[in-house]
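1. pasting a predicted model and its sequence here:
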Amino acid sequence: MKVVYTDNNATTKVADEVLKEMLPYFGELYGNPSSMHTFGDQVDKKIKQARQRVANFINAEPDEIVFTSCGTESDNSAIYSAINAYPEKKHIITSKVEHPAINKLYQHLQKTKGYEVTFVPVDKKGCLDLDLLYKSMSDNTAIISLMWANNETGIIFPIEEIAKKANEKGILFHTDAVQAAGKIDIDVKRAGVDMLSLSGHKIHAPKGVGVLYVKKGFKFSPFLIGGHQEKGRRGGTENTVSIIGLGKACELAKKNLPIMNTQVKELRDYLEAQLLEKISSSSVNGDLEKRLPNTLSIGFDAVEGESILLLLDREGICASSGSACTSGSLDPSHVLMAMEVPFKSAHGSIRFSLSHYNTKQEMDIIIATLVPAIQKLREMSPFWKDGKVV
């Protein structure tokens with residue numbers, strides 16, 4: 001069965017060019033980059049090249065790039081470094097729709113360290129309440145941390161505008177750019193952020209490697225303490241092979257940005273228009289303009305997302321649900337709940353997230369599969385009668 005993969009916000013395939021760049025460092029070039037000998041030094045040179053490639057990707061300086069194991073580590077490192085830099089400040093600002101790597105950490109800091117956390121709400125389109133955000137800033141605020149783009153809906157937050165306000169008040173600003181990277185242009189100098197998180201497996205690099213950008217001049221305190229690696233900012237022998245792959249992936253992602261914002265966006269829009277036309281009582285979750293070009297979160301009234309996914313999976317179609325099915329909960333996701341999406345729609349929400357590997361033929365396969373699947377599920381639903389929601 002041919003797999004139609006439309007779950008790229010969850011993870012991406014390792015690009016062929018990335019794998020080719022990595023392969024020699026699994027075998028013949030296995031030296032430790034921290035070694036004094038030439039055999040290890042040639043690996044160190046390759047890591048330096050990767051660091052430059054990542055820096056070019058986000059318009060940073062190479063020594064502002066810290067390699068980590070994943071986006072979660074990058075997020076946690078940024079937050080802990082900020083509160084260590086300002087131990088007297090006990091207030092933090094974030095949003096209600098952040099990734100668990102942010103929100104669960106802040107909840108932990110609330111319970112164990114007594115921090116006051118402002119979780120800024122979003123409106124029904126998924127856009128931040130900027131008035132409340134700005135009013136919440138104070139001299140006691142240690143850090144503001146907001147995602148650049150939401151992983152479920154693709155909604156893009158005005159990071160540059162918010163960072164400017166934070167800078168004016170002398171508040172550290174961190175952004176989780178894991179979902180934004182490779183889909184929209186990221187320029188840390190223009191954005192004015194102090195720290196920024198990336199994850200390799202979202203941009204066709206391997207799993208298990210990430211990046212934390214740390215603006216020059218910030219007194220960063222390491223999360224992992226050990227050797228001298230990463231200039232003392234992240235101890236532990238470098239994940240050489242994955243770092244090299246990430247560097248190549250960043251180079252490719254920058255090159256493919258125009259494709260993402262033309263061809264991929266057109267595929268997303270085609271899929272969206274066809275589903276809305278052919279399936280009644282369906283609606284897109286979130287703002288139609290301020291979103292990533294590859295992401296479609298769409299709700300189908302009176303059916304369950306888990307059931308939709310099972311029927312899609314039988315046909316080899318990979319997507320994801322807006323419901324927290326992996327935790328065994330029947331509640332819709334915290335993102336859709338924060339947006340006040342009606343329960344009957346939120347519970348039947350599906351996310352399709354595309355890449356430049358997807359084709360129009362695959363979109364047609366999804367449409368041909370999903371239309372009868374929704375009809376079948378609605379025939380069994382107690383919330384559907386005579387062609388409408390009850």
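-> Sure thing, it's come through.

2. what does the pLDDT read for the residue lying closest to Leu311 once chain neighbours are set aside?
-> Leaving aside its sequence neighbours, Leu311 sits nearest to Ala373 (CB to CB, 6 or more residues apart in numbering; 4.2 Å). All C-beta spots, glycine's among them, are computed from the backbone N, C-alpha and C. pLDDT recorded at Ala373 is 97.

3. and Ala373, how many neighbours?
-> 22 (other CB atoms under 10 Å).

4. show me what contacts it?
-> 308, 311-312 (CB atoms under 8 Å, 6 or more residues apart in numbering).

5. over to Val117?
-> 91-94, 106-107, 109-110.

6. assign it to helix, strand or coil.
-> Assigned by DSSP: H, G, I helix; E, B strand; the rest coil, the conformation of Val117 is strand.

7. and Lys189, how many neighbours?
-> 11.

8. regarding it, which helix or strand does it belong to?
-> helix 188-191 (DSSP states H and E).

9. you'd agree Ala163 is up against Val193?
-> Yes - the pair Ala163 and Val193 qualifies as a contact (CB atoms under 8 Å) at a distance of 5.1 Å.

10. residue contacts, the most centrally placed residue in the chain?
-> For the chain, the residue nearest the mean C-alpha position is Gln179 (2.6 Å; CA atoms, centre = their mean). For Gln179, the contacting residues are 9, 147-151, 154, 202, 292, by CB under 8 Å, 6+ apart.

11. in this structure, where is pLDDT below threshold?
-> Within the chain, the ranges that satisfy pLDDT under 70 run 322-331.

12. domain parsing for it?
-> Domain assignment for the chain, taken from automatic domain parsing, gives 4-10+256-368, 16-253.

13. make JSON lines from these and add distance to Lys385 to it.
-> JSON lines is the format used below for the domains of the chain (distance: least, CB to CB, whole Å):
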{"stretch": "domain 4-10+256-368", "distance to Lys385": "9"}
{"stretch": "domain 16-253", "distance to Lys385": "27"}
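
14. so for Val389, which of the ones you listed sits nearest?
-> Taking CB to CB, domain 4-10+256-368 is the member of these nearest to Val389, at 4.8 Å.

15. secondary structure element for Thr175?
-> strand 172-176.

16. other SSEs contacting that strand?
-> helix 71-85, strand 141-147, helix 159-168, strand 195-199 (3 or more CB pairs under 8 Å, 6 or more residues apart in numbering; DSSP states H and E).

17. okay, the ones you listed, which one's buried deepest?
-> Most buried of those by mean neighbour count (mean count of other CB atoms under 10 Å) is strand 195-199; its value is a mean of 29.

18. direction included, what does it pair up with?
-> strand 172-176 (parallel), strand 210-214 (antiparallel) (DSSP bridges).

19. and the angle for the last one with helix 71-85?
-> With axes from the mean of the first three to the mean of the last three CA atoms, to 10 degrees as the criterion, the two stretches strand 210-214 and helix 71-85 enclose an angle of 30 degrees.

20. what does the first one give?
-> Relative orientation of strand 172-176 versus helix 71-85 (the same axes, to 10 degrees): 170 degrees.

21. what's the distance between strand 172-176 and the middle of its chain?
-> Distance of strand 172-176 from the chain centroid (CA atoms, centre = their mean, to the nearest Å) equals 14 Å.

22. how about residues contacting that strand?
-> With CB under 8 Å, 6+ apart, strand 172-176 has contacts from 71, 74-75, 78-79, 82, 85-86, 98-99, 101-102, 142-148, 159, 162-163, 166-167, 191-197, 218.

23. look up phi and psi at Trp384.
-> Dihedral angles of Trp384 (phi, psi; degrees, to the nearest 10) stand at phi -130, psi 130.

24. wait, doesn't it sit right on Ser280?
-> No - using CB under 8 Å, Trp384 is not in contact with Ser280; the gap is 10.2 Å.

25. count of neighbours near the residue nearest to Pro382 when sequence neighbours are not counted?
-> The shortest distance from Pro382 to any non-neighbouring residue, by CB to CB, 6+ apart, is to Val390 (8.0 Å). Using other CB under 10 Å, Val390 has 10 neighbouring residues.

26. how near is Val390 to Lys255?
-> 51 Å (CB to CB, to the nearest Å).

27. so where do the helices sit in the chain?
-> For the chain, the helices defined by DSSP state H occupy 16-22, 38-58, 71-85, 100-113, 130-136, 159-168, 188-191, 240-259, 265-278, 305-314, 334-338, 343-346, 360-380.

28. for the ones you listed, which one sits closest to Asn285?
-> helix 334-338 (6.2 Å).

29. CA atoms of that closest one as CSV?
-> Provided in CSV are the C-alpha atoms of helix 334-338 (Å, rounded to 0.1, in the frame of the first residue of the first chain):
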residue,chain,number,x,y,z
HIS,A,334,-6.0,22.3,24.7
VAL,A,335,-5.4,24.4,21.6
LEU,A,336,-8.9,24.0,20.2
MET,A,337,-10.4,24.4,23.7
ALA,A,338,-8.5,27.7,24.1
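
30. how about it: buried residues?
-> 335-338 (16 or more other CB atoms under 10 Å).
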